[in-house]
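Colleague: I'll drop the sequence and a predicted model, then ask my questions.
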Amino acid sequence: MRCSRHNGRVGKNGSYNPKHNDREFDVEQADNIDPTKTPYNVYWNCFDRELVLHKDRPEDYKTFTEVETDFYDLLYKDYLEGQSNRYIKSGHANRCKTMEDIRKNKRTCPEETIYQIGNIDESVSYDELLKITVEFLNAIQEKYGEHMHILNWALHVDEGTPHIHERHVFDVFNEYGERQPKQEQALKEMGIDLPDPDKKPSKFNNRKMKFDDECRKTFIEICKKHGLTIEEEPIYGGRQYLEKQDYIIQKQNATIAESQEKFEAVNSKYEELLAENKRLAEKNDNLEIKIEDMEGLVKEVSDIAYNKACDVLVDEIIDKTQAEDLRLIKDYKRWVESDECKLPKKIKPFVAEHLNKVASVVAGIKKKVISKIRKSLLLPEKRQAYTKEIVEEAQPSILELLKKTKKKIDEADKSRPQIKSINRGKEEIR
C-alpha cells in the first residue's frame with residue numbers, strides 16, 4: 001500500500017480556496033461527493049482546536065476562510081502596517097497591499113497538503129487515517145511550530161477514497177521585529193538545509209524539497225508504527241496535485257512499451273533542447289528567489305557598498321580637502337610676502353614662518369582625521385541609519401532591473417519549442 005502527501009498553493013484560478021475543505025458550497029452540485037456522507041466529515045482549526053463532525057458544527061463555528069482571515073490579521077498586522085509605512089516614506093505608496101492581497105498572493109498564501117493512504121481500490125479506515133495523520137501533524141508542529149503554523153484541516157469521508165486536506169503557513173521575524181509570511185527564510189531558520197548545499201538554490205535544489213522529504217519519511221514511519229506495510233519507493237513524474245471539487249488519484253494510461261517506443265523516436269536534438277530548457281529554467285528560478293528575498297539582497301549589497309565607501313571615499317575626500325587647505329595657506333603666504341600686504345617688513349618673515357608650520361601640521365594629520373571620520377561612520381547607530389537610507393533608495397531600482405531581466409528570460413522561454421521529457425515509461429510535459 002502507498003501513502004501519499006501532495007502540496008499546492010495556487011491553480012488556474014489563483015490561490016486554493018479553503019471552501020472546498022469545509023464544504024462551504026452546494027455539495028449537491030459536486031459529482032464526486034456523496035452528500036449522505038458529508039455530515040461525517042471531521043474538521044479542526046487553530047482557534048477552536050477541537051475535532052468536530054460536519055453535522056455537529058455549532059452556529060458560531062468559524063469557517064476555514066474566517067479562520068485564515070483572522071489568523072493573518074492577528075499575526076501579520078504589524079508587518080502589513082510597517083511595510084506600508086516604509087513604502088509611503090520612500091515614495092512608493094502604490095506598492096501598499098491589503099491583508100487580503102497577502103493572504104491570496106502565491107508566495108504568502110497558505111500551502112495546502114493532502115494526505116492519503118492507499119487508493120480507491122484499497123485504503124485504510126477513516127479512523128486509522130485520522131489517528132495517523134493527527135499524530136504526524138502533532139509531531140511536525142512540535143518540531144517546527146515556531147515558524148510553521150497549521151491553520152486547519154479536514155478529513156473527507158464523502159469521496160471515493162478517505163483523505164485529509166491540511167493548510168499551513170510559514171513565517172519569520174524580519175529585521176524590524178515584524179512576523180511576516182516567508183517560506184524559504186522560515187525553512188532556513190527551521191534548520192532545513194539545501195538538498196545539495198554546494199549548489200545554488202533553484203527549482204531543483206531548494207529547502208522545501210528537503211522539508212517535504214523529511215515529512216514524507218516521518219509520515220511513513222508513523223504508518224509503519226501503526227502496523228501498515230508501506231511501499232517506500234517514491235513515484236515521480238506522472239502525478240499532479242489536482243484542484244477540483246474532489247481529490248482524484250490519477251492513474252497512468254500509457255504502458256511501458258508505449259513509452260519506450262516514444263523514447264526511441266526522440267532524436268539527438270532532444271538532449272540539446274532539454275539541457276537548454278533546464279539551464280534557462282534554473283536561471284529564472286534563481287532570479288525569482290533573489291526577487292523574493294529582495295530586502296535581504298539589497299541589505300547585503302548596501303552593507304558591502306557602505307564599507308567600501310568608508311575605505312575609499314573618506315580617503316579621497318580628506319586628500320582633496322587637505323590639498324585645498326594647503327593651497328589657501330600658500331596663497332595667503334604669497335600675499336603676506338608681496339608689496340600688497342601693508343604689514344611691517346620686520347613682521348612679515350615671522351608670519352610667513354608661522355604659515356609654513358601650519359602647512360606642515362595640515363600635511364601631517366591626514367591619518368588621524370581619516371581614522372576619526374571612519375570610526376564615526378562605523379558607529380552602529382550611524383551605520384544602521386545610513387545603510388537603511390541606501391536600501392530604501394536602491395531597492396526600487398534593483399527590483400525593477402531584476403524584473404526586466406526576468407521578463408527577458410520569460411520571453412526567451414516562451415519562444416523556445418515545447419519539448420517532452422520521457423523517462424522510463426512515464427511522460428511529463430515540460
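Modeller: Looks like it arrived, so ask away.

Colleague: okay, CA-based contacts and neighbour counts for the rest of this
Modeller: Will do.

Colleague: which parts of the longest strand belonging to the chain are buried?
Modeller: Ranked by number of residues, the top strand in the chain under DSSP state E is strand 163-173. Under the neighbour-count criterion of 16 or more other Cα atoms under 10 Å, strand 163-173 has 163-172 buried.

Colleague: cool, stretch 194-210 as well?
Modeller: Here stretch 194-210 shows 194-195, 201-203, 205-210 as buried, counting by 16+ other Cα under 10 Å.

Colleague: next: stretch 107-121.
Modeller: 107-119.

Colleague: what strands line up against the longest strand of the chain, and which way round?
Modeller: strand 111-117 (antiparallel), strand 148-156 (antiparallel), strand 179-181 (antiparallel) (DSSP bridges).

Colleague: any low-confidence regions in the stretch 51-200 of the chain?
Modeller: Along the stretch 51-200 of the chain, the model assigns pLDDT under 70 to no residue.

Colleague: hey, where'd the helices end up in it?
Modeller: 64-89, 99-104, 126-144, 183-189 (DSSP state H, counting those that start in this stretch).

Colleague: circling back: can you name the residues in contact with the longest strand of the chain?
Modeller: Residues external to strand 163-173 that are found in contact with it (Cα atoms under 8 Å, 6 or more residues apart in numbering): 21, 108-117, 129, 133, 147-157, 179-183, 185-187, 189.

Colleague: just the CA coordinates for it, please, in CSV.
Modeller: In CSV, the C-alpha atoms belonging to strand 163-173 read as follows (Å, rounded to 0.1, in the frame of the first residue of the first chain):
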residue,chain,number,x,y,z
HIS,A,163,-8.1,11.7,2.6
ILE,A,164,-7.2,14.8,4.6
HIS,A,165,-6.7,18.4,3.4
GLU,A,166,-4.4,20.4,5.7
ARG,A,167,-3.4,24.1,5.3
HIS,A,168,-0.5,25.8,6.9
VAL,A,169,1.7,28.9,6.6
PHE,A,170,5.5,29.5,7.1
ASP,A,171,6.7,32.8,8.7
VAL,A,172,9.7,34.6,10.2
PHE,A,173,10.5,37.7,12.2
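
Colleague: tell me where the model's unsure across the stretch 251-400 of the chain.
Modeller: If you take pLDDT under 70 as the line, the stretch 251-400 of the chain has these spans: 251-274, 276-278, 280-316, 318, 322, 361-399.

Colleague: phi, psi of the residue nearest to residue 34 when sequence neighbours are not counted?
Modeller: In this structure, residue 34 finds its nearest non-sequential neighbour in residue 158, 5.0 Å apart by Cα to Cα, 6 or more residues apart in numbering. Residue 158 adopts backbone torsions of phi -100, psi 20, taken as degrees, to the nearest 10.

Colleague: list the contacts of residue 158.
Modeller: 33-38, 40-41.

Colleague: of all the residues you listed, which two lie farthest apart?
Modeller: Spanning the widest gap among those are 33 and 40, at 12.4 Å by Cα to Cα.

Colleague: including mean neighbour count and distance to residue 222, could the helices of the stretch 51-200 of the chain go into TSV?
Modeller: Below are these laid out as TSV (neighbours: other Cα atoms under 10 Å; distance: least, Cα to Cα, whole Å):
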stretch	mean neighbour count	distance to residue 222
helix 64-89	17	27
helix 99-104	16	32
helix 126-144	16	6
helix 183-189	19	23
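
Colleague: including distance to residue 15, could those go into a markdown table?
Modeller: Output for the helices of the stretch 51-200 of the chain, formatted as a markdown table (distance: least, Cα to Cα, whole Å):
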| stretch | distance to residue 15 |
| --- | --- |
| helix 64-89 | 12 |
| helix 99-104 | 6 |
| helix 126-144 | 22 |
| helix 183-189 | 16 |
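
Colleague: and those: which comes nearest residue 220?
Modeller: It's helix 126-144; of the helices of the stretch 51-200 of the chain, that one is closest to residue 220 (Cα to Cα) at 9.4 Å.

Colleague: which other residues reach the closest one?
Modeller: Against helix 126-144 from outside (Cα under 8 Å, 6+ apart): 115-117, 148-150, 155, 157, 162-164, 190, 215, 218-219, 222-223, 226.

Colleague: and those, which are buried?
Modeller: 115-117, 148-150, 155, 157, 162-164, 190, 215, 219, 222-223.

Colleague: returning to what we had before: wait, which of the helices of the stretch 51-200 of the chain is closest to residue 347?
Modeller: Here helix 64-89 is closest among these (Cα to Cα), at 60.0 Å.

Colleague: who does the closest one touch, helix- and strand-wise?
Modeller: The contact analysis (3 or more Cα pairs under 8 Å, 6 or more residues apart in numbering; DSSP states H and E) places helix 64-89 against helix 99-104, strand 148-156, strand 179-181.

Colleague: now residue 150, nearest residue through space, not along the chain?
Modeller: Per Cα to Cα, 6+ apart, closest to residue 150 is residue 168, 4.3 Å.

Colleague: could I get the contacts of residue 158 as JSON lines with distance to residue 101, neighbour count and secondary structure?
Modeller: Below are the contacts of residue 158 laid out as JSON lines (distance: Cα to Cα, whole Å; neighbours: other Cα atoms under 10 Å; DSSP: H, G, I helix; E, B strand; the rest coil):
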{"residue": "33", "distance to residue 101": "31", "neighbour count": "19", "secondary structure": "coil"}
{"residue": "34", "distance to residue 101": "34", "neighbour count": "14", "secondary structure": "coil"}
{"residue": "35", "distance to residue 101": "33", "neighbour count": "16", "secondary structure": "coil"}
{"residue": "36", "distance to residue 101": "36", "neighbour count": "10", "secondary structure": "coil"}
{"residue": "37", "distance to residue 101": "35", "neighbour count": "13", "secondary structure": "coil"}
{"residue": "38", "distance to residue 101": "31", "neighbour count": "19", "secondary structure": "helix"}
{"residue": "40", "distance to residue 101": "34", "neighbour count": "17", "secondary structure": "helix"}
{"residue": "41", "distance to residue 101": "30", "neighbour count": "21", "secondary structure": "coil"}
